[in-house]
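Colleague: dropping a prediction and its sequence here:
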Amino acid sequence: MGDPNLDGLPETAVMVTAQELETLFSNQTHGGKYYDDRKWFVYRESHSPEGQIKGSGGPPDNPTQWNWTGSWKVESENICRRYDEDYSCRPVYRVGAVYQQTDEHDKVSSEFTIDLDGP
């Protein structure tokens with residue numbers, strides 16, 4: 001089930017291990033997109049080694065409309081994030097140079113790359 005506008009993971013997707021997640025998030029900045037309320041939004045987030053998140057995002061025509069903070073940590077093979085009251089733990093999959101996450105229906109609901117321009 002789930003939203004018919006979302007695709008499943010490609011067959012080439014490889015789940016990222018807990019050790020790889022630490023490297024992928026600690027002191028890294030990501031740029032990508034996420035699906036919410038039946039629309040795609042863009043975002044950019046920086047992740048400190050201490051587990052803090054600073055982000056901005058919005059619709060593609062206003063990509064810095066919102067700013068937020070949060071926290072992150074790795075639990076088992078999942079990345080866990082907390083933004084205010086919203087807390088979720090999901091696995092991350094690598095597809096080439098792109099990283100994807102799925103929703104509760106195993107549909108791709110966000111994807112990102114490492115922003116080489118840094119924090």
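Modeller: All right, it came through fine.
Colleague: the worst-scoring helix or strand of the chain on mean pLDDT packs against which elements?
Modeller: Within the chain, no helix or strand scores below strand 86-90, which has a mean of 92 by mean pLDDT, DSSP states H and E. Packing partners of strand 86-90 (3 or more Cβ pairs under 8 Å, 6 or more residues apart in numbering; DSSP states H and E): strand 78-83. Where C-beta positions appear, they are placed from N, C-alpha and C, glycine not excepted.
Colleague: list the contacts of the strand it packs on.
Modeller: 21, 25, 53, 68-74, 87-92, 101 (Cβ atoms under 8 Å, 6 or more residues apart in numbering).
Colleague: next step: the residues you listed restricted to helices.
Modeller: 21, 25 (DSSP state H).
Colleague: re earlier: how far off centre is the least confident helix or strand of the chain?
Modeller: From the chain centre to the centre of strand 86-90 is a distance of 11 Å (Cα atoms, centre = their mean, to the nearest Å).
Colleague: next, the angle from it to strand 78-83.
Modeller: Taking axes from the mean of the first three to the mean of the last three Cα atoms, to 10 degrees, one finds strand 86-90 and strand 78-83 inclined to each other by 170 degrees.
Colleague: next secondary structure after strand 86-90?
Modeller: strand 93-95 (DSSP states H and E).
Colleague: neighbouring strands for that next one, and are they parallel or not?
Modeller: Its sheet considered, strand 93-95 pairs with strand 14-15 (antiparallel), strand 98-102 (antiparallel) by DSSP bridges.
Colleague: what about Gly31, neighbour count?
Modeller: 16 (other Cβ atoms under 10 Å).
Colleague: show the contacting residues for it.
Modeller: Per Cβ under 8 Å, 6+ apart, neighbours of Gly31: 42-44, 112-113, 115.
Colleague: quick one: low-confidence parts of this structure?
Modeller: For the chain, the stretches with pLDDT under 70 are 1-2, 117-119.
Colleague: re earlier: narrow the contacts of strand 78-83 to just the buried residues.
Modeller: 21, 25, 53, 70, 72, 74, 91-92, 101 (16 or more other Cβ atoms under 10 Å).
Colleague: for Ser88, give me its contacts.
Modeller: 80-81.
Colleague: strands of the protein, residue ranges please.
Modeller: 14-15, 28-36, 39-47, 52-58, 66-75, 78-83, 86-90, 93-95, 98-102, 108-114 (DSSP state E).
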